[in-house]
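Trainee: Need coordinates for the following:
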Amino acid sequence: MLSKNLLETIIESHSILQVSLDKGWQEFKESNDFLISKELYHQIDWWYTSPYFGVIPNPGHWYSCQLAAKHFLIEVGKLRIYFDTIYPGNFSQSIEVERDEGLDVRRFKMTAFHQVKPICVFQLDFIHDHEKFYFLYPPQLSFCELETI
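Mentor: Model prediction:
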């Protein structure tokens with residue numbers, strides 16, 4: 001019963017968690033770290049044609065995701081849950097799809113646990129453009145119940 005109540009609490013906390021993602025991304029975009037990440041991204045433009053593409057994340061994007069997660073991870077901690085992987089998720093298990101307007105979406109999934117019991121899956125969508133260093137939107141959060149994945 002605890003997991004069902006906790007799942008409801010997590011779902012009810014969606015807006016708080018999304019706002020924390022929005023806030024972290026906005027703060028990151030306005031920081032010197034954004035400029036450093038952007039410079040790194042442009043210095044390794046060869047990465048997209050390298051054997052690393054699709055195997056490991058773009059270091060500029062990965063660093064950006066990590067720095068922008070500060071407020072989100074604080075809010076998740078208040079719910080006393082942890083994940084089966086580091087934020088934003090396992091890159092090798094993520095998928096990337098192209099949207100109709102040409103933007104790309106990298107989708108990560110992380111199983112949320114309370115103590116040792118899995119509760120649900122957090123899905124994070126990073127909408128971006130490979131032509132330039134910029135996530136057009138903050139990471140978009142949704143949840144999947146364990147039975148539906």
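
Trainee: Point me to the helix or strand that includes residue 89.
Mentor: Residue 89 is located outside every helix and strand, with elements delineated by DSSP states H and E.

Trainee: so it touches residue 112, yeah?
Mentor: No. In this structure, residue 89 is not within contact of residue 112 by Cβ atoms under 8 Å, at 11.4 Å. Heads up, the C-betas are built off the backbone N, CA and C, glycines and all.

Trainee: what is in contact with those two at once?
Mentor: residue 83 (Cβ atoms under 8 Å, 6 or more residues apart in numbering).

Trainee: Give me the helices and strands touching the strand or helix carrying residue 105, please.
Mentor: Of the helices and strands defined by DSSP H and E, residue 105 is found in strand 104-114. Other helices and strands packing on strand 104-114, by 3 or more Cβ pairs under 8 Å, 6 or more residues apart in numbering; DSSP states H and E, are helix 2-12, strand 82-83, strand 95-98, strand 117-128.

Trainee: can you tell which of these is closest to residue 23?
Mentor: Ranking the helices and strands packed on strand 104-114 by their distance to residue 23 (criterion: Cβ to Cβ) puts strand 117-128 first, at 15.2 Å.

Trainee: can you pull the buried residues of the closest one?
Mentor: Residues of strand 117-128 classed as buried: 119, 120, 121, 122, 123, 124, 125, 126, 128 (neighbour count, 16 or more other Cβ atoms under 10 Å).

Trainee: from the chain's centre, how far out does that strand sit?
Mentor: Offset of strand 117-128 from its chain centre (Cα atoms, centre = their mean, to the nearest Å): 7 Å.

Trainee: Let me know the distance separating residue 127 from residue 106.
Mentor: Counting by Cβ to Cβ, to the nearest Å, the separation of residue 127 from residue 106 is 8 Å.

Trainee: Next: residue 85.
Mentor: Here the distance between residue 85 and residue 106 works out to 15 Å (Cβ to Cβ).

Trainee: I'm done for today, thanks for sticking with me.
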